[in-house]
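**Q** below are the sequence and a predicted model; questions follow.
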Amino acid sequence: MVVMLNALVKPKFCLKEPSEELQKKLTLSLSECENQEFKEIRCGYCNFPIAVVSLSTTGILWVKCQKCKAEFPINPAYFYRTKGYRRATPFIISFSTTE
């Protein structure tokens, strides 16, 4: 039984059909990531998009930029953006006691 995958982007060419076991693994992986949030990581040298990772990804990724050909390791934890909170400005009231 051949199950066609619902990939987001179809491959341009296929050297051989994936085995049934591999198709099950790919389908399971696809179903697990349906509710995940993803972010794009860009090259630090040319700002070209190099990877898309889930917010729960940990560890080191070794990436190669397709545009400038730079290769470097990336820790996704350093690329998380946190919401910046400003410290409240003090509310100062000056009273004039001279009449």
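**A** Noted; the coordinates are in hand.

**Q** on the three-state scheme, the spatially closest residue to residue 72 that is not a sequence neighbour is what?
**A** In this structure, residue 72 finds its nearest non-sequential neighbour in residue 63, 6.7 Å apart by Cβ to Cβ, 6 or more residues apart in numbering. In this view, the C-beta of every residue, glycine as well, is placed from N, C-alpha and C. Assigned with DSSP: H, G, I helix; E, B strand; the rest coil, residue 63 falls in the strand class.

**Q** quick one, what contacts residue 63?
**A** Taking Cβ atoms under 8 Å, 6 or more residues apart in numbering, we find residue 63 in contact with 41, 50-51, 71-74.

**Q** could you redo the last one with a cut-off of 7 Å?
**A** 50-51, 72, 74 (Cβ atoms under 7 Å, 6 or more residues apart in numbering).

**Q** residue 37 now?
**A** Residue 37 makes contacts with 54-55, as judged by Cβ under 7 Å, 6+ apart.

**Q** for residue 36, what are its contacts?
**A** Per Cβ under 7 Å, 6+ apart, neighbours of residue 36: 54, 56.

**Q** hang on, I meant residue 47
**A** Not one residue lies near residue 47 by Cβ under 7 Å, 6+ apart.

**Q** let the chain start at 659 from now.
**A** Let's use 659 as the start, then, which means that last one is residue 705.

**Q** assumed it was part of a helix.
**A** No: residue state for residue 705 (three-state DSSP) corresponds to coil; a helix is not indicated.

**Q** as a check, name the ranges of all helices in the protein.
**A** Counting by DSSP state H, one finds helices in the chain at the ranges 678-690.

**Q** what's the closest of the contacts of residue 721 to residue 684?
**A** Nearest to residue 684, judged by Cβ to Cβ, of those is residue 709 at 19.0 Å.

**Q** and the closest one, what are its bridge partners?
**A** With DSSP bridges applied, residue 709 shows beta-bridge pairing to residue 699.

**Q** ok, it - how many residues close by?
**A** Using other Cβ atoms under 10 Å, residue 709 has 17 neighbouring residues.

**Q** likewise for residue 712?
**A** Neighbour count for residue 712, taken as other Cβ under 10 Å: 13.
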